[in-house]
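Visitor: Generate coordinates for the sequence data below:
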Amino acid sequence: MKLKVKPRMSIWRYLAIGYALLIFTGSLLLMLPFAKTSGEWGTFADYVDGLFVATSATCVTGLTPVVTAQHWTTFGHVVIICLIQIGGLGFTTLVSILFMAIGGKSFGLYERTVMVQSVGESKLTGVKTLVKRILVGTLIFEGAGALLLMIRFIPEFGGIGVWYAVFHAISAFCNAGFDIIGPVSLVDYARDPLVSLVICFLIIIGGLGFCVWGDVADCKGNPRKFQFYTRLALIGTAVLLIAGTALFMVFEWDNPGYEGFRFGDKLLCSFFNATTARTAGYFTTDPATLSNSGCLLMIILMFIGACSGSTGGGVKVSTFTVILVGMLSVMRGKKDLTIGKRRIEQGTLSQALAVFVAYLVLTITATLLINAIEPDAVAAFDAVLFETVSAIGTVGLTMALTPSLGIVSEFILIILMYLGRVGILTFAFALRRKKKSESAVRRPIDTVFIG
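Guide: Model (predicted):
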């Protein structure tokens, strides 16, 4: 008699359910009376706000319907920063760390596969080393960022400045964008090089991804030894940062918020804009004051996002690069898709296009629905589009629209943030049933006119 072995849950379903459970747990903790300054259990609408914040923190977004510094107690802030840290590191990284802490001596094939898929790695070997590197690297970067921020926050706020520095260092490295200083993010530090550059540094490092800075460390900073993807991520990030800074300088030179700013101040703000739009959520320039060109540029950068396997979101730099190179290859009549001296498989281009179109369709659908639900006086079209791109890109930048939205619109943004963090393809694969054996008979090929 043969014993039937129950198949394990698919990797994709494991990741999707893991994040959902984490969000649900966080929402329950934020509903506790001592998590809120009001000290009350609250209504269903209050729970939706808590669910929204839990989703935003877990998905390292930063959008919130309430003022984080005023609505939540210290306990609430601790819950939020824990969700940010877990969401930034990745649900499976946390599970792996706990497994190692309680004495797990080895990872099975299933555990290794889940781990590498969640952080964008391709090798199944050395997973325990990868987990340790992620943990140590995160502590080093966040610790260094916190110490530097303390230089400014302790003299300004006293002892509580230590907590402010730690909170904002974690939030910046995880590309979350939550702040507990005031209702206008970091606008008061727009001309402060220390705070602005430390936050930018943490955002960039977190947005590059664990595997990228791990490869840089292995190669001791020698570009000639970098893996192909590492070079692609570094070059793509540099191009977007430089181009974004230059364009923001041009578009926002006469920004009303820059009154009295010198050239260096405007350059610092432009660099911060180009950095934070890559899924961070902090701002030193109020998005509501951006020109039309600056607003569109920020939407484009939010949509592109950070690098694969990082704490950031968006369609990812590599996805955008592959699509752009593929478009140029088609226009030039080339059959092969090449980047530098490497050829990219056509299947990669198809996957990149699928991700891009899925993000685009979800963004347009959500924008259409929220515009239909909310009155025009509350939600202007540009503000809604900005908010939906910010949500699905897990960015967190806002034109102060979220607090004005109704419950249905909040749920739409919750879904976008969840899908943006879990990943469109991951969620699609999680819903997919067991693959049936394909028939040997293939359909005939026909012609479809394009363009």
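
Visitor: Is residue 285 in a helix, a strand, or coil?
Guide: Following DSSP: H, G, I helix; E, B strand; the rest coil, we place residue 285 in the coil state.

Visitor: Roughly how far does it sit from residue 212?
Guide: Going from residue 285 to residue 212 by C-beta to C-beta, to the nearest Å gives 28 Å. Placement of C-beta: from N, CA and C, glycine included.

Visitor: got it, and residue 148?
Guide: To residue 212, residue 148 is 22 Å away according to C-beta to C-beta.

Visitor: Show me which of these two is the more surrounded one.
Guide: Neighbour count, other C-beta atoms under 10 Å: between residue 148 and residue 212, residue 212 has more, with 25 against 19.

Visitor: host element of that one?
Guide: Per DSSP states H and E: residue 212 is located in helix 210-218.

Visitor: Buried residues in the helix or strand following that helix, which are they?
Guide: Counting by DSSP H and E, the next helix or strand C-terminal to helix 210-218 is helix 228-251. Going by neighbour count (16 or more other C-beta atoms under 10 Å), the buried part of helix 228-251 is 229-234, 236-237, 240-241, 244-245, 247-249, 251.

Visitor: One more: stretch 14-24?
Guide: For stretch 14-24, by 16+ other C-beta under 10 Å, it's 14, 15, 16, 18, 19, 22, 23.

Visitor: and the third one, backbone torsions?
Guide: If I follow you right, that is residue 16. phi -60, psi -50 (degrees, to the nearest 10).

Visitor: The fifth one now?
Guide: The phi/psi pair for residue 19 (degrees, to the nearest 10) reads phi -70, psi -40.

Visitor: need the contact list for it.
Guide: Applying C-beta atoms under 8 Å, 6 or more residues apart in numbering to residue 19 gives the contacts 58, 59, 87, 91, 418, 421, 422.

Visitor: swap in residue 151?
Guide: Neighbour list for residue 151: residue 194 [criterion: C-beta under 8 Å, 6+ apart].

Visitor: For it, give me the pLDDT.
Guide: pLDDT recorded at residue 151 is 96.

Visitor: so it is in which element?
Guide: Per DSSP H and E: helix 127-157 holds residue 151.

Visitor: before we move on, what about residue 26?
Guide: Per DSSP H and E: residue 26 is located in helix 11-31.

Visitor: what helices or strands is the helix or strand following that helix leaning on?
Guide: Counting by DSSP H and E, the element after helix 11-31 in chain order, helix or strand, is helix 44-58. Packing partners of helix 44-58 (3 or more C-beta pairs under 8 Å, 6 or more residues apart in numbering; DSSP states H and E): helix 11-31, helix 74-89, helix 407-422.

Visitor: Buried ones in helix 44-58, by neighbour count?
Guide: 46, 48, 49, 50, 51, 52, 53, 54, 55, 56, 57, 58.

Visitor: Output the lowest mean pLDDT helix or strand found in the chain.
Guide: The helix or strand of the chain with the poorest confidence is helix 109-119; it has a mean of 49 (mean pLDDT, DSSP states H and E).

Visitor: Which parts of the stretch 251-400 of the chain are strands?
Guide: For the stretch 251-400 of the chain, applying DSSP state E, counting those that start in this stretch gives strands covering 337-339, 342-344.

Visitor: Would you mark the buried spots in the last one?
Guide: When burial is assessed from 16+ other C-beta under 10 Å, strand 342-344 yields the following buried residues: residue 344.

Visitor: which residues are contacting it?
Guide: Residues contacting strand 342-344 (C-beta under 8 Å, 6+ apart): 228, 322, 325, 336, 337, 338.

Visitor: Check the gap between the third one and residue 344 for me.
Guide: When you say that, I think you mean residue 325. Distance of residue 325 to residue 344, given as C-beta to C-beta: 7 Å.

Visitor: what is in contact with these two at once?
Guide: Common neighbours of residue 325 and residue 344 (C-beta under 8 Å, 6+ apart) are 337, 338.

Visitor: what ranges of the chain fall below the confidence cut-off?
Guide: 1-11, 90-128, 429-430, 432-441, 446-447, 449-451 (pLDDT under 70).

Visitor: Put together TSV for the buried residues of stretch 14-24, with distance to residue 171 on each row.
Guide: Shown next, in TSV, are the buried residues of stretch 14-24 (distance: C-beta to C-beta, whole Å):
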residue	distance to residue 171
14	27
15	23
16	24
18	21
19	18
22	17
23	17
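
Visitor: Now for these: which two are most distant?
Guide: 14 and 23 (15.3 Å; C-beta to C-beta).

Visitor: Quick check: residue 240 touching residue 305?
Guide: No - using C-beta atoms under 8 Å, residue 240 makes no contact with residue 305, being 9.8 Å away.

Visitor: list residues touching both of those two?
Guide: 278, 317.

Visitor: Just give me the neighbour total for the residue nearest to residue 204 when sequence neighbours are not counted.
Guide: Leaving aside its chain neighbours, residue 204 sits nearest to residue 275 (6.2 Å; criterion: C-beta to C-beta, 6 or more residues apart in numbering). Residue neighbour count, defined by other C-beta under 10 Å, stands at 27 for residue 275.

Visitor: Could you double-check that residue 275 sits in contact with residue 203?
Guide: Yes - between residue 275 and residue 203 there is a contact at 5.3 Å, judged by C-beta under 8 Å.

Visitor: how big is the angle separating the helix holding residue 151 from helix 210-218?
Guide: If you take axes from the mean of the first three to the mean of the last three C-alpha atoms, to 10 degrees, helix 127-157 sits at 100 degrees to helix 210-218.

Visitor: next helix or strand past helix 127-157?
Guide: Immediately after helix 127-157, counting by DSSP H and E, sits helix 160-173.

Visitor: who touches that next one?
Guide: Counting by C-beta under 8 Å, 6+ apart, 62, 77, 81, 84-85, 88, 138, 141-143, 145-147, 149-150, 152-155, 157, 176-181, 198-199, 202-203, 205-206, 280, 282, 311 sit against helix 160-173.

Visitor: From the chain's centroid, how far away is the helix or strand following that helix?
Guide: Heading C-terminal from helix 160-173, the first helix or strand you meet, by DSSP H and E, is helix 193-208. Mean-position distance between helix 193-208 and its chain equals 14 Å (C-alpha atoms, centre = their mean, to the nearest Å).

Visitor: again, but for stretch 176-186
Guide: So, by C-alpha atoms, centre = their mean, the centroid of stretch 176-186 is 17 Å from its chain's centroid.

Visitor: Just the endpoints, please. Distance across that stretch?
Guide: End-to-end distance for stretch 176-186, by C-alpha to C-alpha, to the nearest Å: 14 Å.

Visitor: residues of it that come out buried?
Guide: Quick answer for stretch 176-186 (16+ other C-beta under 10 Å): 176, 177, 178, 179, 180, 181, 185, 186.

Visitor: picking that back up, with distance to residue 257 as added columns, please give the helices and strands packed on helix 44-58 in CSV.
Guide: As requested, the helices and strands packed on helix 44-58 are arranged in CSV below (distance: least, C-beta to C-beta, whole Å):
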stretch, distance to residue 257
helix 11-31, 32
helix 74-89, 27
helix 407-422, 26
